[in-house]
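[1] This is the structure alone, sequence omitted:
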């Protein structure tokens, strides 16, 4: 069996939020695992009841995906109570690290880390969440100089609005006014052992070509969730979901902590409400991993991971991908 571009890489379980990496010459994908249920669907994300992670791998582009089974379950994470949402993985210190969000026992989203000797897992979770972490969608960049950075944050169910003052405000639900700068994702350097934050998280500035902040009312460009950072030609590319307008967009910077200048759209809307992705180089080509809800006929909490080739223009901009047609020329 082969996997074609823009087709589900597995169909025996529902998968979403793919973080793709090349380890030991193979593609490894760390998705979230959607569960089928009859619970409510709302802006708080109650429909996403994921409770474990499976690791998938591909020997090459077009190869059949292998499901390596359960790598970590919420029952094995002492500090976590529910909702093991979008994870990421990294390799350093001859170990593999799985970074993941979950609600703690007070219902507050935190980010934890688990460790394995193998990219396939299983992973052993640290007993406490990463001190100073909050919200969702961790993405980790191990830079060329050995420094590691964790990017994270999501609006609405991801609780990022509740942290605007620097402390958690459980009753706060409103973000900035439409004519004010949008809330940005967070970034923090990681400790050398990858198990803690080496500094307090800071907010990333996303600006337009004139250096003006992207505004909260600019829903075609403002940050919503799902940060991912990769390097191409010595520039850092921050890509993310716009949420309500269902796009994947990107901004660039010479600095891994920004500010980032908005550039354009990577992926136009897919079937289903959410958009979450990763970008990885493999065998000299670049690929976008993403998800939609086509496998379930559009049910938002029953999604499937897909991938397709990603192309850069000569000036380093990314060609827009229309997931159900061809790449834009």
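    Structure received. Values in this document were obtained by computation on a predicted structure and should not be read as measured data.
[2] Hmm, residue 285 and residue 27 touching each other?
    No. The pair residue 27 and residue 285 does not pass the contact test of Cβ atoms under 8 Å, sitting 11.6 Å apart. Every C-beta, even on glycine, is put in place using the N, C-alpha and C of the backbone.
[3] what about residue 35, how many residues close to it?
    As a burial measure, residue 35 scores 16 neighbours (other Cβ atoms under 10 Å).
[4] Which residue is the nearest non-sequential neighbour of it?
    Counting by Cβ to Cβ, 6 or more residues apart in numbering, the nearest residue to residue 35 once its immediate chain neighbours are dropped is residue 49, at 5.3 Å.
[5] Look up how far residue 60 lies from the one you found.
    33 Å (Cβ to Cβ, to the nearest Å).
[6] And these two? Which one has more around it.
    Under the criterion of other Cβ under 10 Å, the comparison of residue 49 against residue 60 puts residue 49 first, with 17 against 10.
[7] how close does that one get to residue 157?
    The spacing between residue 49 and residue 157, counted by Cβ to Cβ, is 12 Å.
[8] Over to residue 70?
    24 Å.
[9] More neighbours: which of the two?
    In terms of neighbours (other Cβ under 10 Å), residue 157 is the more surrounded of residue 70 and residue 157; the figures are 19 against 15.
[10] The more buried one falls within a helix, correct?
    Yes. Secondary structure of residue 157 (DSSP: H, G, I helix; E, B strand; the rest coil): part of a helix.
[11] I'd like the secondary structure assignment at residue 237, please.
    strand.
[12] Hmm, it is touching residue 229, no?
    Yes. Under the contact definition of Cβ under 8 Å, residue 237 touches residue 229, with a separation of 6.7 Å.
[13] Which of these two has more residues huddled nearby?
    When residue 237 and residue 229 are compared on other Cβ under 10 Å, the one with more neighbours turns out to be residue 229, at 26 against 21.
[14] Who does that one form a beta bridge with?
    Following DSSP bridges, residue 229 is listed with bridge partners residue 238.
[15] per-residue confidence for it?
    Reported pLDDT at residue 229 in the predicted model: 98.
[16] I'd like the distance between it and residue 151.
    Applying Cβ to Cβ, the value for residue 229 to residue 151 is 6 Å.
[17] Can you list the low-confidence ranges for this protein?
    The chain contains residues with pLDDT under 70 at 1-3, 37-48, 326-329.
[18] The residue nearest to the spatial centre of it in helix, strand or coil?
    Central residue of the chain (Cα atoms, centre = their mean): residue 226, 4.0 Å from the mean position. In terms of secondary structure, residue 226 is strand; the call rests on three-state DSSP.
[19] Which of the three states applies to the residue nearest to residue 35?
    Secondary structure, three-state DSSP: residue 49 is coil.
[20] What number of residues are in the vicinity of residue 36?
    By other Cβ under 10 Å, the burial measure for residue 36, its neighbour count, is 11.
[21] for it, what are its contacts?
    Contacts were defined as Cβ atoms under 8 Å, 6 or more residues apart in numbering; by that measure residue 36 touches 14, 302.
[22] Against residue 299, how distant is it?
    With distances taken as Cβ to Cβ, residue 36 is found 8 Å from residue 299.
[23] what does residue 259 give?
    Using Cβ to Cβ, we find residue 259 at a distance of 38 Å from residue 299.
[24] Likewise for residue 24?
    On the measure of Cβ to Cβ, residue 24 and residue 299 end up 35 Å apart.
[25] more crowded one of these two?
    Looking at residue 24 and residue 299 with other Cβ under 10 Å, you find the greater number of neighbours at residue 299, namely 16 against 9.
[26] wait, the more buried one sits on residue 293?
    Yes. Under the criterion of Cβ under 8 Å, residue 299 makes contact with residue 293 at 5.7 Å.
[27] Show me the contact partners of the helix or strand hosting residue 307.
    Taking DSSP states H and E as the definition, one finds residue 307 inside strand 304-310. Under the contact criterion Cβ under 8 Å, 6+ apart, strand 304-310 has outside partners 3, 5-11, 14-16, 18, 20, 29, 31, 56, 266, 279, 285-296, 318-319, 321, 323, 327.
[28] Now the buried members of these.
    For those, a neighbour count by 16 or more other Cβ atoms under 10 Å gives the buried set as 3, 6, 8-10, 14-16, 18, 20, 29, 31, 56, 266, 279, 287-296, 318, 321, 323.
[29] got the contact list for residue 215?
    With contacts defined as Cβ under 8 Å, 6+ apart, residue 215 is in contact with 178, 179, 180, 181, 182, 222.
[30] what sits against the fourth one?
    With contact set as Cβ under 8 Å, 6+ apart, residue 181 has these partners: 205, 213, 214, 215, 216.
[31] how does it look with 6 Å?
    Residue 181 sits next to residue 213 when contact means Cβ atoms under 6 Å, 6 or more residues apart in numbering.
[32] swap in the one 5 residues further on?
    Contacts for residue 186 (Cβ under 6 Å, 6+ apart) come out as 152, 153, 201.
[33] Including neighbour count, could these go into CSV?
    As requested, these are exported to CSV (neighbours: other Cβ atoms under 10 Å):
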residue, neighbour count
152, 29
153, 30
201, 22
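[34] Done for today, thanks.
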